[in-house]
Structures are given as structure tokens and as C-alpha cells.
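Visitor: here is my input; please provide its structure:
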Amino acid sequence: MILRIQIRAIFLNLGISYPNEADKEYAHNLGKSAGGDIKIHGLPNGFGFAKEAFRLYGDWTNGCIAVDNESMQEIYNLVPIGTRITILP
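Guide: Residues are numbered from 1 along each chain as shown. The predicted structure is shown next:
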């Protein structure tokens, strides 16, 4: 589920309410960490000008979903709090 959480180092972000209890139990049964603190977010503050460099670098986050700042602004404006999402491998 989408949550609004403020992180000052990153341009806008939407928090994802993961893991839930079922996710934690599933991971525990596999002997793995369920992870957590997952967000959809823009680029680091002050680096919006470098969106092409971030795009070329590839996945630079630690489990989050990063997009350029213009896309993040659009997502942030359009996705209501409480929107249900599905995370797939």
C-alpha cells in the first residue's frame, strides 16, 4: 500500500507498506530477510540535472524503485494514498 513519507535526501517519495506479516513469515520460513523500507522515489536532491547519468548507471538504489524527478512528480500527484500495489520478483 502507498504511504507518503518524507525523506530529505531524495526528491519526493512514496513509501510502500512492505513487508506485512505474511511476507515476514514467508521470508522467515525460507531463512531469509523480508527486507523493508521500500520506496518509489526521484533522484537525490541536487542531482536532477544528471538524470541521464543515473539512467545509464542502472539500478542504483538499495531495493527501491527510482525514477527521474519529472516522472516522480507525476506519480506523486496521481497515485492516491492507500493505493494497493503488487510487488513481483
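
Visitor: what's across from the residue nearest the centre of the chain in the sheet?
Guide: Ranked by distance to the mean C-alpha position of the chain (CA atoms, centre = their mean), the top residue is residue 39 at 2.1 Å. Partner residues in beta bridges with residue 39, using DSSP bridges, are residue 15.

Visitor: could you say which helix or strand holds the residue lying farthest from the centre of the chain?
Guide: Among the C-alpha atoms of the chain, the one most distant from their mean position (CA atoms, centre = their mean) is that of residue 29, at 25.1 Å. Taking DSSP states H and E as the definition, residue 29 sits inside helix 21-30.

Visitor: give me the residues contacting that helix.
Guide: Surrounding helix 21-30, the residues in contact under the criterion CB atoms under 8 Å, 6 or more residues apart in numbering are 19, 33, 34, 35. C-beta coordinates here come from the backbone N, C-alpha and C atoms, glycine included.
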